[in-house]
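J.: would you be able to build a 3D model of this:
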Amino acid sequence: MSRATASGETFDPDALTAAHPLLPLGTRLRVRSMRTGRSVVVRVNDRGPFHGHRIIDLSPEAARQLGMLGAGTSPVAIEPARPEDEVASAPR
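T.: Below you'll find the predicted structure:
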């Protein structure tokens, strides 16, 4: 069963996307795992999370690239993506 995101897109577990309760849809963020040190650029395309003190929900692919797939929750640092981040994360 496919699920629509707040942006109107169909949720794609293989995309580098995220849900955030307040940031504008389409915002690009660099998310860094505080445990692994890895980072990834994601695009906000949905709303949430709406429970606990969580500040962002990542797609399974973003979590996998950060080395936190299956961890449930994990501490991250979030900052706006820079133009050079966009070039580095663009599909080849």
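
J.: ok, the spatially most central residue of the chain - contacts?
T.: Closest to where the C-alpha atoms of the chain average out (CA atoms, centre = their mean) is residue 18, at 3.3 Å. Residue 18 makes contacts with 29, 31, 42, 43, 44, 45, 46, 56, 57, 58, 59, 62, as judged by CB atoms under 8 Å, 6 or more residues apart in numbering. C-beta here means a position set from N, CA and C on the backbone, and glycine is covered the same way.

J.: return the alpha-carbon coordinates of the strand or helix carrying the second one using PDB.
T.: Secondary structure from DSSP states H and E places residue 31 in strand 28-33. Backbone C-alpha positions of strand 28-33 (Å, rounded to 0.1, in the frame of the first residue of the first chain) are rendered in PDB as follows:
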ATOM      1  CA  ARG A  28      17.200  20.400   2.200                       C
ATOM      2  CA  LEU A  29      19.100  19.500   5.300                       C
ATOM      3  CA  ARG A  30      22.400  17.900   6.200                       C
ATOM      4  CA  VAL A  31      21.800  15.300   8.900                       C
ATOM      5  CA  ARG A  32      24.800  13.900  10.800                       C
ATOM      6  CA  SER A  33      24.700  10.900  13.000                       C
END
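
J.: state the distance from residue 64 to residue 13.
T.: Distance, residue 64 to residue 13, by CB to CB, to the nearest Å: 10 Å.

J.: ok, those two, which is more surrounded?
T.: Set residue 64 next to residue 13 and count neighbours by other CB atoms under 10 Å: residue 64 wins out with 15 against 11.

J.: and the more buried one, what element?
T.: Going by DSSP H and E, residue 64 is in helix 60-65.

J.: likewise residue 24?
T.: Counting by DSSP H and E, residue 24 is part of no helix or strand.

J.: give the contact list for it.
T.: residue 44.

J.: gap between it and residue 47?
T.: 11 Å.

J.: helices and strands around the longest strand seen in the chain, which ones?
T.: For the chain, the longest strand by residue count, based on DSSP state E, is strand 39-46. Packing contacts for strand 39-46, counted by 3 or more CB pairs under 8 Å, 6 or more residues apart in numbering; DSSP states H and E, involve strand 17-19, strand 28-33, helix 60-65, helix 83-89.
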